[in-house]
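Engineer: Kindly return the folded structure for what I paste below:
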Amino acid sequence: MHLRGVVLPDDEVRDIWVRAGAVSFEPVSDAETLCRTGWIVPGLVDAHCHVGIRHGGGHEDRAGAVAQAEIERDAGALLLRDAGSPIDTRFIDERADLPRIIRAGRHIARPKRYIRELGIELDDERDLPEIVAEQARFGDGWVKIVGDWIDRSVGDLRPLWSDAILKEAIDAAHANGARVTAHVFGEDALPGLINAGIDCLEHGTGLTDDTVELMVEHGTALVPTLINIELFPEIADGAGKFPTYAAHMRDLHRRVRETVGNAHDAGVPIYAGTDAGGGIRHGRIADEIAALRGAGLSSHDALGAASWDARGWLGRPGIEPGAPADFVVYHEDPRTHPEVLGNPDYVVLRGEVVKGGGPVTGHR
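Structural biologist: Numbering: from 1, shown residues only. Predicted coordinates:
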């Protein structure tokens, strides 16, 4: 296969060849030309994506999980960090036409302190380091814990774990070669998570100047899942028995763009994740990129957060010699024409065209 176009992120017009599923910058004889113009982008990344959670709640079966992966692929998301799933999705690896998945095992929570049946619930927090180590060995280099959730006894968000046990658990994950991320909405759980050495925060709506500074100091990443935060008012509307919690969720929603913008300006690494599964339908990575732009990231940085930068963070290559040929092609520059992001002209996965047909005839 042969392609010519503007290759991002370097903005360089060049020729790319594909041989045996890998990228080559050297000509391959008898290669069929796929396109002679356009923008060629490393496969998009959804860094918070739940393949295996049914929209509206519950476990997906195999057919449903495959359908979710197909939707992500057709939207150009070729690498998914599955930030917690109730089912083992390794059977998807057997399909060369489906996205690559980096798994974090199952959510780890406390009884009645997360969505029922999705996670592993620990009666005694002292079991957390052992379970984290177990999930680290099961996953693909990540573990997901629930950092805070509503505590009905106080009627608001509260941390699930003591600071000391978080440090033990995160150390256990690191000793088993895994990074740790945490679901966290509110303010109170953040210092303990960051100071314990957590590698990433999901959502992070409760960040303040002080905890942003801590993230920068510790090198902690943020996946803000902005399109999921749009559900906060709906969650608040359904929390009639807990008015303090409802008001808190509305306030977190009101200031989320400022929160994420401040974190970005301070130097916190930010990556795109939709939280697809459950409340968010799959295939919406373009919407998350748009939301990051709305929070103050440049068009280039917002796309990078869902492509080349996210790939580097997750240890996966972009478009370079010898790398797997996983990329998307657009007839317009997706940074200046974001409307094209959700519908790539071509999706190339493992060196095969899995979506698209006809020549790309955009402008350079």
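Engineer: and whichever strand or helix holds Val45, what other elements does it pack with?
Structural biologist: Assigned by DSSP states H and E, Val45 belongs to strand 44-46. Using 3 or more C-beta pairs under 8 Å, 6 or more residues apart in numbering; DSSP states H and E as the contact test, the elements touching strand 44-46 are strand 77-82, helix 285-294. C-betas here are computed from N, CA, C, even on glycine.
Engineer: The stretch 151-300 of the chain: helices as residue ranges?
Structural biologist: Listed in chain order, the helices of the stretch 151-300 of the chain (DSSP state H, counting those that start in this stretch) span 163-175, 190-195, 209-218, 226-229, 232-237, 243-254, 256-266, 285-294, 299-304.
Engineer: and Gly38, which of those helices is closest to it?
Structural biologist: For those, the distance to Gly38 is smallest for helix 299-304, at 15.0 Å, taking C-beta to C-beta.
Engineer: So for the helix or strand encompassing Asp15, what gets flagged as buried?
Structural biologist: Using DSSP H and E, Asp15 sits within strand 12-19. For strand 12-19, a neighbour-count test (16 or more other C-beta atoms under 10 Å) marks 15-18 as buried.
Engineer: again, but for stretch 153-168
Structural biologist: Within stretch 153-168, the residues that qualify as buried are 155-161, 165-168, counting by 16+ other C-beta under 10 Å.
Engineer: Identify the farthest-apart pair in the residues you listed.
Structural biologist: Farthest pair in these (C-beta to C-beta) is Gly155 and Glu168. Separation: 29.4 Å.
Engineer: right, and Thr274 touches Ile227 too?
Structural biologist: Yes - at 5.7 Å, Thr274 and Ile227 qualify as touching, with contact defined as C-beta atoms under 8 Å.
Engineer: out of the two, which sits in the busier spot?
Structural biologist: Higher neighbour count among Thr274 and Ile227: Thr274, with 31 against 23, using other C-beta atoms under 10 Å.
Engineer: ok, the more buried one to Gly58 distance?
Structural biologist: Using C-beta to C-beta, to the nearest Å, Thr274 is found at 19 Å from Gly58.
Engineer: Name the nearest residue to the most centrally placed residue in the chain, ignoring sequence neighbours.
Structural biologist: When C-alpha atoms, centre = their mean is applied to the chain, the residue found nearest the centroid is Ala47 (1.3 Å). Closest residue to Ala47 apart from its sequence neighbours, by C-beta to C-beta, 6 or more residues apart in numbering: Gly273 at 4.0 Å.
Engineer: Next, count neighbours for that neighbour.
Structural biologist: Using other C-beta under 10 Å, Gly273 has 31 neighbouring residues.
Engineer: for it, what are its contacts?
Structural biologist: Neighbouring residues of Gly273 by C-beta atoms under 8 Å, 6 or more residues apart in numbering: 46-49, 81, 83, 202, 223-225, 288.
Engineer: if you set the cut-off to 7 Å instead, what comes out?
Structural biologist: For Gly273, the contact set (C-beta atoms under 7 Å, 6 or more residues apart in numbering) comprises 46-49, 223, 225, 288.
Engineer: cool, Val354 as well?
Structural biologist: If you count contacts by C-beta under 7 Å, 6+ apart, Val354 has them with 73, 97, 347.
Engineer: Just the ones of the residues you listed in helices?
Structural biologist: Of the contacts of Val354, the ones assigned to helices by DSSP state H are Arg73.
Engineer: Looking at the contacts of Val354, spot the one nearest Val180.
Structural biologist: Top of the list for closeness to Val180, among the contacts of Val354 and by C-beta to C-beta, is Arg73 at 27.7 Å.
Engineer: Grab the nearest non-local neighbour of Leu160.
Structural biologist: Spatially, and ignoring its direct neighbours in sequence, Leu160 is nearest to Arg110 (4.9 Å; C-beta to C-beta, 6+ apart).
Engineer: Might you list the low-confidence residue ranges for this protein?
Structural biologist: 357-364 (pLDDT under 70).
Engineer: Show me the domain layout of it.
Structural biologist: Annotated domains of the chain cover 1-43+318-363, 45-317 [the TED database].
Engineer: Quickly compare these and say which is most buried.
Structural biologist: domain 45-317 (a mean of 20; mean count of other C-beta atoms under 10 Å).
Engineer: For that domain, measure first residue to last.
Structural biologist: With C-alpha to C-alpha, to the nearest Å applied, domain 45-317 spans 12 Å between its terminal residues.
Engineer: How far off centre is that domain?
Structural biologist: 7 Å (C-alpha atoms, centre = their mean, to the nearest Å).
Engineer: ends of stretch 7-26, how far apart?
Structural biologist: 15 Å.
Engineer: Would you mind listing the outside residues contacting that stretch?
Structural biologist: Under the contact criterion C-beta under 7 Å, 6+ apart, stretch 7-26 has outside partners 1-6, 27-28, 31, 39-41, 304, 308, 319-325, 350-351, 364.
Engineer: end to end, how far does stretch 186-198 reach?
Structural biologist: Start-to-end span of stretch 186-198 (C-alpha to C-alpha) is 16 Å.
Engineer: which outside residues touch that stretch?
Structural biologist: Contact with stretch 186-198 is made by 147-148, 157-159, 163, 166-167, 170, 180-182, 184, 201, 206-208, 211, 214-215, 218, 220, 248, as judged by C-beta under 7 Å, 6+ apart.
Engineer: go again using 6 Å as the cut-off
Structural biologist: With C-beta atoms under 6 Å, 6 or more residues apart in numbering as the test, stretch 186-198 has contacts from 147-148, 157, 159, 163, 166-167, 170, 180, 182, 206, 211, 214-215, 218, 220.
Engineer: Next: stretch 46-63.
Structural biologist: So stretch 46-63 is contacted by 65, 68-69, 77, 80-83, 85-87, 89, 202, 223, 225, 271, 273-278, 281, 285, 310 (C-beta under 6 Å, 6+ apart).
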